[in-house]
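>>> Structure here, sequence nowhere to be found:
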């Protein structure tokens, strides 16, 4: 029997289409679409699968729309920010209002075609912070998130990011 005809979950090689899917366990037994270019079955990325991938990402993601309303937070963000940031609330409940002109400038630059932009070096946390515009299928900026790059020393290089954040949370909550 040709294993290419079997659903992805029953194939002998069980090789995912990309490394991204290696962490996703496929439990469905239905036939999946076929990727003729690679000769593999592919899985559909549903909202549930996408959220599981984003929740597995150890950095916080707080997606904010063009009106500066928080629309999505991954698990890391929910843990890190707790009740200080809420979906459906203004970003300026967390950020102070004086940051609004700076954010508007970043949005103007994003509208002009720029992608990720350096924002600042946070001396308190040692993190570099970046403004990351999010675009729709027609390349229009629909919102943004801030990416934090954690500081590493050679001695800390092997610490998982999740452990880093837990240490930070514990230090902040003292």
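Noted; the coordinates are in hand. Remember, predicted model here, so these are calculated numbers, not experimental data.
>>> Report the separation between residue 104 and residue 136.
19 Å (Cβ to Cβ, to the nearest Å). Just so you know, the C-beta spots here come from the backbone N, C-alpha and C atoms, and that holds for glycine as well.
>>> right, I mislabeled it, should have said residue 171
From residue 171 to residue 136 the distance is 38 Å (Cβ to Cβ).
>>> Any regions of the chain where pLDDT drops low?
The chain contains residues with pLDDT under 70 at 1-42, 165, 169, 174.
>>> Got the domain ranges for it?
For the chain, automatic domain parsing gives the domain ranges 3-52, 58-173.
>>> which of the ones you listed sits most buried?
Most buried of the domains of the chain, by mean neighbour count (mean count of other Cβ atoms under 10 Å): domain 58-173, with a mean of 14.
>>> need the helices for this protein, in chain order.
47-56, 75-81, 100-111, 161-173 (DSSP state H).
>>> Next, format those as JSON lines and append distance to residue 132.
What follows is those, written out as JSON lines (distance: least, Cβ to Cβ, whole Å):
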{"stretch": "helix 47-56", "distance to residue 132": "14"}
{"stretch": "helix 75-81", "distance to residue 132": "14"}
{"stretch": "helix 100-111", "distance to residue 132": "9"}
{"stretch": "helix 161-173", "distance to residue 132": "17"}
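>>> These: which one's closest to residue 92?
Minimum separation from residue 92 across the helices of the chain (Cβ to Cβ) falls at helix 100-111, 6.6 Å.
>>> Run through who's touching the closest one.
66, 68, 91-92, 95, 117, 119, 131, 133, 141, 144 (Cβ atoms under 8 Å, 6 or more residues apart in numbering).
>>> gap between the two ends of stretch 150-162?
Start and end residues of stretch 150-162 are separated by 11 Å (Cα to Cα, to the nearest Å).
>>> meant to ask about stretch 136-154
By Cα to Cα, one end of stretch 136-154 lies 39 Å from the other end.
>>> again with stretch 55-70
16 Å.
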